[in-house]
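[1] Dropping the sequence and predicted coords here.
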Amino acid sequence: MENQAAQGQEKSSAEILYVALELSRKEWKLGFSDGKKPQIRKVAIKAGDLEAFKREIEKAKQRLGMAGAAEVRSCYEAGREGFWPHRALTEMGIENMVVDPASIEVNRRQRRAKTDRMDVEKLVRQLIRYWRGEREVWRVVRVPSGEAEDRRQLHRELEVLKEERKQHRMRMQSLLFTQGIQQSVGGKFLKKLEQLRCWDQEPIPEQMRRRLEDEYHRLQLVEVQIREIQKTQAERLKATGQDEVIEKVRKLQKLISIGMGSSWIFVMELFGWRTFQNRRQLAGAVGLTPTPYNSGDSVREQGISRAGNRRVRKLAIEIAWCWLRLQPNSKLSQWYKQRFAGGGRRMRRIGIVAVARRLMIDLWRYLESDRVPEGAVVR
């Protein structure tokens, strides 16, 4: 009897239930498999109904003849739901992974059938392949902690507000241009508005003037919100404490050419919560790795992958230009001048991406091991 019990426990510990979730606004499609039978059990539940999800897991174990203590492994594609399903599944004791949708292989025919049921079946089969050792079957998204995700909100809100500010200004300038008026939008815009004249020297029509005034008031509100966020960032940097993330922001700002905005985004989006084993992992996370095409007689470079964090990648290229101007004596700037500065426009654009990749590696080493980029000036 004791041997049978031990064998039963050993069997249950080896059993694994594979679950794939195809998420949508109204319902979730679930696919279940034990990794042995070719058939996949498919059910649908109301979106976000975690109690129904638990019940379906128990039903799947019974249908597949698995013990109640069998391990559960799940996956879903990263999307608008974010990471709360991952955290909920993890709290249930399920080993979950969030998958990059762009990394999932698809049928390359011109017309291919696609339904949620077919997608969930494919996810289950690929999940089984992944856990059997085929790690290249897709790319797993690194899930930030709740605290790290919350730290992102401040600069992302600032990004949205700056875009709104630009939209308000462009809308006002476009309205004026329809009347033959070219006028920038500044702090004294309302005073200038009374003096502006249309193409026929007539005052701006009443309804248009009112719309311009309302648009200007919305612009002022956005300006106030931008200043408040920037003030909040400055206050957090001045606050005393042992916050390692904020300390990394301060440390980056010691390098000339790295300011408040860039240091904050680099740390909150990347260096504050991600750990890297080597420079290739870092370049891959930013999306600055090359993508060669070598097939038969066709050999060419397709450019950078652009598969990483787009905010960090865009900012890294912008800061690379600033680095060349403000850190001209650094080894990185000298390397660019020797390799790319004498070339044409295309070569300089290729070179600045290479500078951005090397700069991100230098910043990572600077934060992790206090290795100041060679030749760089520190405040």
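    Perfect, I can see it now. Residues are numbered from 1 along each chain as shown.

[2] ok, the most centrally placed residue in the chain to residue 269 distance?
    When the chain is reduced to its mean C-alpha position, the closest residue under C-alpha atoms, centre = their mean turns out to be residue 309, at 4.3 Å. Computed as C-beta to C-beta, to the nearest Å, the residue 309 to residue 269 distance reads 6 Å. (Glycine included, C-beta is placed from N, CA and C.)

[3] Also residue 365?
    Residue 365 is 18 Å from residue 269, where distance means C-beta to C-beta.

[4] Compare the two and say which is more crowded by neighbours.
    Just comparing residue 365 and residue 269: by other C-beta atoms under 10 Å the higher neighbour count belongs to residue 269, 23 against 15.

[5] ok, now which ones touch the more buried one?
    For residue 269, the contacting residues are 152, 155, 309, 311-312, by C-beta atoms under 8 Å, 6 or more residues apart in numbering.

[6] Residue 360 versus the residue nearest to the centre of the chain, what's the distance?
    11 Å.

[7] if we can go back for a sec, give the contact list for the residue nearest to the centre of the chain.
    269-270, 285-287.

[8] Need the phi and psi values for it.
    Per-residue torsions, residue 309: phi -70, psi 110 (degrees, to the nearest 10).

[9] Could you list the residues in contact with the helix or strand that contains residue 281?
    Assigned by DSSP states H and E, residue 281 falls within helix 279-286. Helix 279-286 has contacts (C-beta under 8 Å, 6+ apart) with 142, 270, 274, 276, 289, 305, 307-309, 312-313, 316, 357, 360-361, 364.

[10] Try it again at 6 Å.
    Residues outside helix 279-286 that contact it (C-beta atoms under 6 Å, 6 or more residues apart in numbering): 276, 289, 308, 312-313, 357, 360-361, 364.

[11] Next secondary structure after that helix?
    That would be, after helix 279-286 and using DSSP H and E, strand 290-295.

[12] Packing partners of that next one?
    Here strand 290-295 touches strand 298-304, going by 3 or more C-beta pairs under 6 Å, 6 or more residues apart in numbering; DSSP states H and E.

[13] Could you check how far residue 348 is from residue 29?
    Residue 348 sits 49 Å away from residue 29, going by C-beta to C-beta.

[14] Show me which of these two is the more surrounded one.
    Legend: neighbour count by other C-beta under 10 Å for residue 348 and residue 29, higher for residue 29 (21 against 14).

[15] phi, psi of the more buried one?
    Residue torsions, per degrees, to the nearest 10, at residue 29 are phi -90, psi 130.

[16] Quick check: nearest residue in space to it, chain neighbours excluded?
    residue 22 (4.0 Å; C-beta to C-beta, 6 or more residues apart in numbering).

[17] now swap in residue 341 and tell me
    residue 348 (7.0 Å).

[18] Distance check, the one you found against residue 269.
    27 Å.

[19] my guess is residue 116 contacts residue 29, does it?
    Yes. Counting by C-beta atoms under 6 Å, residue 116 does reach residue 29; the two are 4.6 Å apart.

[20] Common neighbours of those two, please.
    Shared contacts of residue 116 and residue 29, counting by C-beta under 6 Å, 6+ apart, come down to residue 22.

[21] Report the buried residues of the helix or strand hosting residue 351.
    Under the criterion of DSSP H and E, residue 351 resides in helix 345-369. For helix 345-369, burial by neighbour count (16 or more other C-beta atoms under 10 Å) applies to 350-364, 366-367.

[22] who's in contact with residue 249?
    263-264, 267 are the contacts of residue 249 under C-beta under 6 Å, 6+ apart.

[23] and those, which are buried?
    Using 16+ other C-beta under 10 Å, the buried ones in these are 263-264, 267.

[24] would a markdown table of those with secondary structure, pLDDT and distance to residue 91 be doable?
    Conversion of those to a markdown table gives the following (DSSP: H, G, I helix; E, B strand; the rest coil; pLDDT from 0 to 100; distance: C-beta to C-beta, whole Å):
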| residue | secondary structure | pLDDT | distance to residue 91 |
| --- | --- | --- | --- |
| 263 | helix | 97 | 34 |
| 264 | helix | 97 | 31 |
| 267 | helix | 97 | 28 |
